[in-house]
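Trainee: coords below, sequence missing:
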């Protein structure tokens, strides 16, 4: 294997890290392409799922392929609909691989810029859960608008939702919010502070 | 058998009619559905996208609370929450080290005694459901299962992952005619409703087009996210496809309620974006006149 490993923040090459985090050995993929054929968003992706698997197969020897997979838009477009996993003849849990790619991209600050709205939504969602223990839809949407800059989106939807009683102006709260804060501190926050 | 109820966040807000109709139906069935004490959000897509431990800890806290209350099973009507809870229970029971670590995170010794049950399983277990039908729901329906009720197949172990039948059988019991169609388990765009509305409009548009072109009069769902994308996002779908779709999207529990003869308002039908009414040849559902909003 190459000595270029040192140039990358992760000590272990990406395929090994994926295996460690997900139990999926990407080497077992034989590139039949069923995952890409069934993926509802393959046409929107920079690399369809089978190509991501191929990049990962070669990533141990060619760090630039690891970079391509980590910086892909694909990782963030994956909806976890599980159709690829369902049809994979090798039963490879590709959605879990996508999860691992997202986690690594976050950790190494290599999130594809095109995924910024998707990431903003996830962050706004979890912020809401961290503070109240339950999703406060109104608060989350405001938080998302601030993060994404899409202030005008769905502006007319909110009053209608309020009128039919689907939008609450006050959050529901979990009683033991301190415990929720501790869970977040030991998981998401700890991960983001890791080198 | 003590059954707990995990409503999840949507059913308290944007999908409140799912909860209203479920509780109305449960009353008729004489089933009590106490909520899991002090339940929290399951973490949904956001948690597993950003952090694996968080994605396990949030559902584990819910399941541990149900267990502590002595609940034998937890009914999770939201397909997305169902998936998170079911996957978490599976992963923790498969891996003792992981179970201990996540138990530590949620400050409880999670054992996995409470089973996770989806709405179709719960309803299918009701004996003689057809005897409660007062007004058969005589419509052609497209049963839309979405992704997470049936996949990953090895974990949910519920119905077939691509050509499921359980909801079709249930609908037939209520007098409906389930159609054969191709989009039963195709994805609606799920959690991209706000962040990538364009993609939701694309995927949900394909689902509606197939249902309508095969003569369905209603799409039946068992998931708040599917409902949101097919109903609330209808204007976005119509803008993208350039076609108008009047087909209503109805929760499985609302159909059951209607078949039981419960008043539509009790089932929250007035809260839909797309009015629940049918072809003029047959009578509309009485008492419902939901207007198309902005």
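Mentor: In hand now; what should we look at? All values derive from a computational prediction rather than experimental measurement.
Trainee: domains in the chain, as residue ranges please.
Mentor: In the absence of a named chain, this looks at chain A. With domains defined by automatic domain parsing, chain A comprises A:3-110, A:114-193.
Trainee: switch to chain B, please.
Mentor: If you go by automatic domain parsing, chain B breaks into B:3-117, B:128-271.
Trainee: now render these as JSON lines, adding mean pLDDT.
Mentor: Below are these laid out as JSON lines (pLDDT from 0 to 100):
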{"stretch": "domain B:3-117", "mean pLDDT": "97"}
{"stretch": "domain B:128-271", "mean pLDDT": "97"}
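Trainee: now the helices for the chain?
Mentor: In the absence of a named chain, chain A is used. Under the criterion DSSP state H, helices of chain A are mapped to A:14-22, A:34-38, A:49-59, A:63-70, A:74-77, A:83-87, A:94-107, A:116-132, A:137-148, A:157-163, A:177-186, A:188-193.
Trainee: to clarify, I was referring to chain B.
Mentor: Using DSSP H, helices in chain B cover B:16-29, B:44-50, B:52-68, B:79-94, B:96-106, B:119-124, B:153-156, B:166-173, B:197-213, B:224-227, B:234-241, B:252-259.
Trainee: can you add mean neighbour count and give those back as TSV?
Mentor: Placement of C-beta: from N, CA and C, glycine included. Below are the helices of chain B laid out as TSV (neighbours: other C-beta atoms under 10 Å in any protein chain shown):
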stretch	mean neighbour count
helix B:16-29	21
helix B:44-50	25
helix B:52-68	25
helix B:79-94	23
helix B:96-106	16
helix B:119-124	21
helix B:153-156	16
helix B:166-173	21
helix B:197-213	21
helix B:224-227	28
helix B:234-241	18
helix B:252-259	26
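Trainee: for those helices, give me a markdown table that also has distance to residue B:271.
Mentor: Formatted as a markdown table, those follow (distance: least, C-beta to C-beta, whole Å):
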| stretch | distance to residue B:271 |
| --- | --- |
| helix B:16-29 | 5 |
| helix B:44-50 | 21 |
| helix B:52-68 | 26 |
| helix B:79-94 | 19 |
| helix B:96-106 | 34 |
| helix B:119-124 | 18 |
| helix B:153-156 | 29 |
| helix B:166-173 | 22 |
| helix B:197-213 | 19 |
| helix B:224-227 | 10 |
| helix B:234-241 | 14 |
| helix B:252-259 | 10 |
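Trainee: distance to chain A added to the ones you listed, as a markdown table?
Mentor: Converted to a markdown table, these look like this (distance: least, C-beta to the nearest C-beta, whole Å):
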| stretch | distance to chain A |
| --- | --- |
| helix B:16-29 | 6 |
| helix B:44-50 | 4 |
| helix B:52-68 | 4 |
| helix B:79-94 | 9 |
| helix B:96-106 | 6 |
| helix B:119-124 | 17 |
| helix B:153-156 | 6 |
| helix B:166-173 | 17 |
| helix B:197-213 | 6 |
| helix B:224-227 | 10 |
| helix B:234-241 | 9 |
| helix B:252-259 | 15 |
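Trainee: out of the ones you listed, flag the one nearest residue A:173.
Mentor: helix B:52-68 (14.7 Å; C-beta to C-beta).
Trainee: how far out from the middle of the chain is the closest one?
Mentor: With C-alpha atoms, centre = their mean, to the nearest Å as the basis, helix B:52-68 stands 20 Å off its chain's centre.
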